[in-house]
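>>> Predicted model follows, preceded by the sequence.
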Amino acid sequence: MTALGKLGICAVVLLALLYASVVPTNESNPATRTGYRVGTFIGAMLFPAIIAYVVAGRRKVRNWKRFASLFFISGVIFLTMSWLGAVNSESPEQHIGRLMREAAGRQPVRNAGFGKQREFDDAVREQFRNLIQLNRDYTAAVEKIDLSATEKLNSPETLADPDSAEEALKQLHAAYDLDSQEEQKVSEVIEKLRNAMRSNSSSPAAQQSMLKGFDKSVAAQTSKRQQLLSTEKAWIDAEDELYSFADQHRNHIKLAGSQIAIPNDTVREHFNQRIRSEEAFRTEFLKNKQQFSNDQAKLLGSYGLDQKAVGAQ
């Protein structure tokens, strides 16, 4: 075997070691990950060794120069195809899910690919981290907000004396303002995620594929979140209208024991209409809120995550 042949075999061994050490893997357990990499290295060495042995290593056809050439060529081809397959094996949804898990700390960061591929992963993963931190800040703010007075809303006592509902309505509006601010911030991060995908994609085709997967999964929650905010606003507006009406007709609305008494038929009918409207909007809001929570949990579950992992309620 010539020196050039030995050099070729050494080059394949080194490439196999490099490939085994950096090949993407979802294994989170260190021992399992090490075993996977050792097995990958052995497999990368066996393929060219078997090809070279069958063609030029057997006793009857042994030719060490040819053996080295075949080992080098088949090894390079195998490693190239294996690397391309490993890097491109993820669907857009799987790619996004992996980056989300890495951002949430649920699995080690997998530095897949080079150049644009790594820039893409780093940029998108960082925006997912920003989104998770945003969720955590929002959850902490919700836990601190005081909603104790809202329990009095729609009670006969506050409807007969609208001034007593002032604090409750303030708290309700404060909660909506917090939700509205969160929606604005989330929308900004979602747009930053799209920009990261546009500017760091390796090709127009990859960009289109990734954006399609993103819009189909994560961004699809945007319209549902906006609908939820819209129904919350409609409910609060209905509450405001109800108490505004009660304030304007306080001379007709009296407290009789634990019930409301409205002698005037016209005032009573308009009051009941507003009660029914408020109840309908509140019911729709609570329904949408539960549906949004279920959809969010389902989406996160498909990525191997839960609401706690991403800082959501």
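Thanks, I have it.

>>> The worst-scoring helix or strand of the chain on mean pLDDT - contacts with which helices or strands?
When each helix and strand of the chain is scored by mean pLDDT, DSSP states H and E, helix 64-87 comes last, with a mean of 74. Using 3 or more Cβ pairs under 8 Å, 6 or more residues apart in numbering; DSSP states H and E, the elements in contact with helix 64-87 are helix 3-22, helix 30-56. In short, each C-beta sits where N, CA and C put it, glycine included.

>>> buried set for that helix?
Residues 66-72, 74-75, 78-79, 82-83, 86 are the ones in helix 64-87 that count as buried (16 or more other Cβ atoms under 10 Å).

>>> Compute the inter-axis angle for it and helix 30-56.
Angle, helix 64-87 to helix 30-56, by axes from the mean of the first three to the mean of the last three Cα atoms, to 10 degrees: 140 degrees.

>>> For this protein, give me the ranges with low pLDDT.
Counting by pLDDT under 70, the chain has low-confidence residues at 1, 22-29, 83-90, 111-115, 200-203, 313.

>>> Show me how it divides into domains.
3-89, 100-302 (automatic domain parsing).

>>> I'd like those laid out as a markdown table, including distance to residue 310.
Converted to a markdown table, the domains of the chain look like this (distance: least, Cβ to Cβ, whole Å):
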| stretch | distance to residue 310 |
| --- | --- |
| domain 3-89 | 17 |
| domain 100-302 | 5 |
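
>>> Let me know which of those domains is the nearest to residue 309.
domain 100-302 (4.5 Å; Cβ to Cβ).

>>> What's the end-to-end length of the closest one?
11 Å (Cα to Cα, to the nearest Å).

>>> Also stretch 102-121?
Counting by Cα to Cα, you get 10 Å between the two ends of stretch 102-121.

>>> tell me which residues in it are buried?
By neighbour count, with 16+ other Cβ under 10 Å as the criterion, the buried positions of stretch 102-121 are 102-104, 106, 110, 112-113, 117, 119-121.

>>> Just the closest of the residues you listed to residue 239, please.
For the buried residues of stretch 102-121, the residue nearest residue 239 by Cβ to Cβ is residue 104; the value is 36.7 Å.

>>> In this model residue 310 seems to touch that closest one, though I could be wrong.
Yes: counting by Cβ atoms under 8 Å, residue 310 is a contact partner of residue 104 at 5.8 Å.
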